[in-house]
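Chemist: Next come a sequence and a model predicted from it.
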Amino acid sequence: MTSDDQSSAGTLRTPGFRLASVVVRPSLNLLMGKDLQGMEKLPEGGYIAVANHVTELDPLAVAHAVYVGGNTPHFLAKDSLFKAPVLGGVLRALKQIPVIRDQRESHRSLEIAQEVLDQGGTIIIYPEGTLTRDPELWPMRAKTGAARLALTTGAPVVPITHWGVQDFLPPYAKTPRPLPRKKYRLTVGETVDLDDLRAKPLGRKVLSEATERIEDALTSGVAELRGEEAPDHIWDRALRQRVPRRQVQPDE
């Protein structure tokens, strides 16, 4: 990072962030071993990190990598959580991003996201929207939210994939399996190339194409970590089965 980037990121490393880091990072190091690969690919300044989602503990693993890489991790959360007496204060102190459903105020989410990116923070998004339902834990078909945010803000999109966290806490499990001590691997992929799409009108075709590139980047990263060939088809949550990859549709 340049000195300017460090200064920018530092504006977001509030006492709340530093306190969370002091508590969370040593705990994660104690619970699991880790192998972080490709950290040099993290860009300078603000960026959007897209990640595969296998278990409820994933956010800690991804946030840890982002923080070690020099940036502050920021997640999107329901705006109702920000109204809770204690939790809301914590979320605001850590400058997390409220997802505002009210159309009259929804622009505030984008404004806060842009502010985070401008100050050198990282927005972590799970394009699938939830834990994968794929029976073999491959990334599912993604929603267009990550692509829309990237194309609207101009921020680079970096795929961060991991494998092994689910050995400690299986999908949808409430009880971890700490023994024997588990180890996960995490890799940072190449920035998703969206340059040719950024100058085009933000229609269905552009969003679909950008989303498919994000899907492909996540699937390729998981395949590399698993040492396996990815399925030819992708899991569609609505249909509860694997379907052909997204077919780009013409703009309306």
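Modeler: Right, received. Where do you want to start? Everything quoted here is computed from the prediction, not taken from an experiment. Numbers count the residues shown, from 1 in each chain.
Chemist: neighbours around Arg141, how many?
Modeler: As a burial measure, Arg141 scores 22 neighbours (other Cβ atoms under 10 Å). The C-beta positions use only the backbone N, C-alpha and C, and glycine is treated the same way.
Chemist: does it really touch Arg242, like I thought?
Modeler: No. Assessed by Cβ atoms under 8 Å, Arg141 is found out of contact with Arg242, at 9.3 Å.
Chemist: quick one: common contacting residues for these two?
Modeler: Common contact partners of Arg141 and Arg242 (Cβ atoms under 8 Å, 6 or more residues apart in numbering): Ile234, Trp235, Asp236.
Chemist: Next, count neighbours for the nearest residue to the last one once chain neighbours are set aside.
Modeler: Same thing as Asp236. With sequence-adjacent residues excluded and distances taken as Cβ to Cβ, 6 or more residues apart in numbering, Asp236 is closest to Val243, at 4.6 Å. By other Cβ under 10 Å, the residues close to Val243 number 13.
Chemist: cool, Leu218 as well?
Modeler: Leu218 has 27 neighbours, counted by other Cβ under 10 Å.
Chemist: Is it in a helix, a strand, or coil?
Modeler: Put simply, Leu218 is helix when judged by DSSP: H, G, I helix; E, B strand; the rest coil.
Chemist: Contacts only, for it.
Modeler: With Cβ under 8 Å, 6+ apart, Leu218 has these contacts: Val50, Ala51, Asn52, Pro127, Pro139, Ala142, Pro159, Thr161.
Chemist: Skipping its backbone neighbours, what lies nearest the fourth one in space?
Modeler: By that I understand Pro127. Ala142 (3.5 Å).
Chemist: Hmm, Pro231 and Val243 touching each other?
Modeler: No. Between Val243 and Pro231 there is no contact under Cβ under 8 Å: 10.6 Å.
Chemist: Break down this structure into its strands, ranges please.
Modeler: Assigned by DSSP state E, the chain shows strands spanning 32-37, 47-51, 73-78, 97-99, 122-125, 157-163, 182-188, 234-236, 241-243.
Chemist: how about those, which one is nearest Leu151?
Modeler: strand 157-163 (9.4 Å; Cβ to Cβ).
Chemist: Sheet-wise, list the partners of the closest one with their directions.
Modeler: Looking at strand 157-163 with DSSP bridges, its partner strands are strand 47-51 (parallel), strand 182-188 (antiparallel).
Chemist: Turn the ones you listed into CSV, columns for distance to Lys83, mean neighbour count and mean pLDDT.
Modeler: Shown next, in CSV, are the strands paired with strand 157-163 (distance: least, Cβ to Cβ, whole Å; neighbours: other Cβ atoms under 10 Å; pLDDT from 0 to 100):
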stretch, distance to Lys83, mean neighbour count, mean pLDDT
strand 47-51, 26, 25, 98
strand 182-188, 33, 20, 98
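Chemist: how close does the closest residue to Leu94 other than its chain neighbours sit to Arg92?
Modeler: Once flanking residues are discounted, Leu94 sits nearest to Gly16: 5.1 Å by Cβ to Cβ, 6+ apart. Per Cβ to Cβ, to the nearest Å, Gly16 is found 9 Å from Arg92.
Chemist: Those two: which is more packed in?
Modeler: Neighbour totals were compared for Gly16 and Arg92, and Gly16 leads with 15 against 12 (other Cβ under 10 Å).
Chemist: show me the contacts for the more buried one.
Modeler: By Cβ under 8 Å, 6+ apart, Gly16 lies in contact with Val90, Ala93, Leu94.
Chemist: From Phe82, how far off is the first one?
Modeler: When Cβ to Cβ is the yardstick, Val90 and Phe82 sit 10 Å from each other.
Chemist: So between these two, which is more surrounded?
Modeler: Phe82 (18 against 15).
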